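**Student:** Structure, please.
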Amino acid sequence: MKHYALIGRPLGHSASAAYFSAKFAAEAIDADYSLCELADIAEVESLRGRLSGMNVTIPYKKAIIPYLASISEEARGVGAVNCVKFDSEGAMHGYNTDVEGIRATLSRFGDLRGRRALVLGSGGAAAAVLYVLRECGVECCTVSRSAERGDVTYEQITPATLQEYHIIVNATPTGMYPHTDEAPQLPYEALGEEHILFDLIYNPDPTEFLLRGAAQGAKTVGGSEMFRCQAEASWRIWNRM
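**Tutor:** The predicted structure is shown next:
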């Protein structure tokens, strides 16, 4: 039997174990998948020789990189890793499958070239969003609680700002289970039919962020499709010869 896992902290919101367990049962695959909360990224060393592959979530998508023997060109471009494959000697090789999931989700909105986006967050998920949006020809502005980590802070986002930026992507854990009544601090009353809101969170889906946007007529999409796409992309990587 092969063993796979998700590492991060906290993991109570994650559907990864349920998703892969259902996949393994449906396809008669002799494997299991577990949730592995690590208090510190250095604990990843204890997983060598035990796993065939793993996914990586907050807060370790960037912190995992020094432990890797190699990193894919795409993951290097993003600067973050969410998928790791172990080779026969226990060495870890990093990839970014979030990119595939983000591309698939944004494709439903057609050609985005020339549009402007606010990306909420400054972690590994936000880095993947920026990578894809820039690939699509979208001008991006990052929003963070700290002026040192983003282009602007939430306090600087005004109704006038939202008249210039019509794509808003939440790449933070704000609104994720169990804090489902929370939403990023934005002037939602300034949103309209011209706006697109994308939340990477899939538990719940829709989030409070999306519900507030939809109430103003904005187009919205949650993280469920992204989650499925990145999970299947990870499986393909783990099973490459």
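
**Student:** shaky segments in the protein?
**Tutor:** By pLDDT under 70, the low-scoring segments of the chain are 241.

**Student:** all strands of this structure, in order?
**Tutor:** Along the chain, the segments classed as strands by DSSP state E run 2-8, 31-37, 53-56, 70-71, 83-86, 92-95, 116-120, 139-144, 152-153, 167-170, 196-199, 219-221.

**Student:** between those strands, which gets nearest to residue 21?
**Tutor:** Closest to residue 21 of those, according to CB to CB: strand 31-37, at 6.0 Å. (C-beta placed from N, C-alpha, C; glycine too.)

**Student:** buried stuff in the closest one?
**Tutor:** For strand 31-37, burial by neighbour count (16 or more other CB atoms under 10 Å) applies to 31, 33, 34, 35, 36.

**Student:** Output the contacting helices and strands for the top helix by length along the chain.
**Tutor:** Longest helix in the chain by number of residues, with DSSP state H as the criterion: helix 224-238. Helix 224-238 is packed against helix 16-26, strand 53-56, strand 83-86, helix 98-106, with contacts defined by 3 or more CB pairs under 8 Å, 6 or more residues apart in numbering; DSSP states H and E.

**Student:** tell me which residues of that helix are tucked away?
**Tutor:** If you call a residue buried by 16+ other CB under 10 Å, then helix 224-238 has these buried ones: 224, 225, 226, 227, 229, 230, 231, 233, 234, 235, 237, 238.

**Student:** which residues make contact with it from outside it?
**Tutor:** Applying CB atoms under 8 Å, 6 or more residues apart in numbering, the external contacts of helix 224-238 come out as 4, 15-16, 19-20, 23, 52-53, 55, 82-83, 85, 95, 97-98, 100-102, 104-105, 200, 202, 205.

**Student:** which among those residues end up buried?
**Tutor:** 4, 15-16, 20, 52-53, 55, 82-83, 85, 95, 97-98, 100-102, 104-105, 200, 202.

**Student:** So the protein: which segments form each domain?
**Tutor:** For the chain, the structural domains run 2-96, 99-225, going by automatic domain parsing.

**Student:** Report the angle between the longest helix of the chain and strand 2-8.
**Tutor:** Inter-element angle recorded for helix 224-238 and strand 2-8: 130 degrees (by axes from the mean of the first three to the mean of the last three CA atoms, to 10 degrees).

**Student:** mind exporting helix 224-238 as CSV, just the C-alpha atoms?
**Tutor:** Extracted in CSV, the C-alpha atoms of helix 224-238 (Å, rounded to 0.1, in the frame of the first residue of the first chain):
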residue,chain,number,x,y,z
SER,A,224,-14.3,23.7,-5.3
GLU,A,225,-13.3,23.4,-9.0
MET,A,226,-9.7,24.6,-8.2
PHE,A,227,-9.5,22.0,-5.3
ARG,A,228,-10.6,19.2,-7.6
CYS,A,229,-8.2,20.2,-10.4
GLN,A,230,-5.2,20.6,-8.2
ALA,A,231,-5.9,17.3,-6.5
GLU,A,232,-6.1,15.4,-9.8
ALA,A,233,-3.0,17.1,-11.0
SER,A,234,-1.1,16.0,-7.9
TRP,A,235,-2.2,12.4,-8.5
ARG,A,236,-0.8,12.5,-12.0
ILE,A,237,2.5,13.8,-10.7
TRP,A,238,2.7,11.1,-8.0
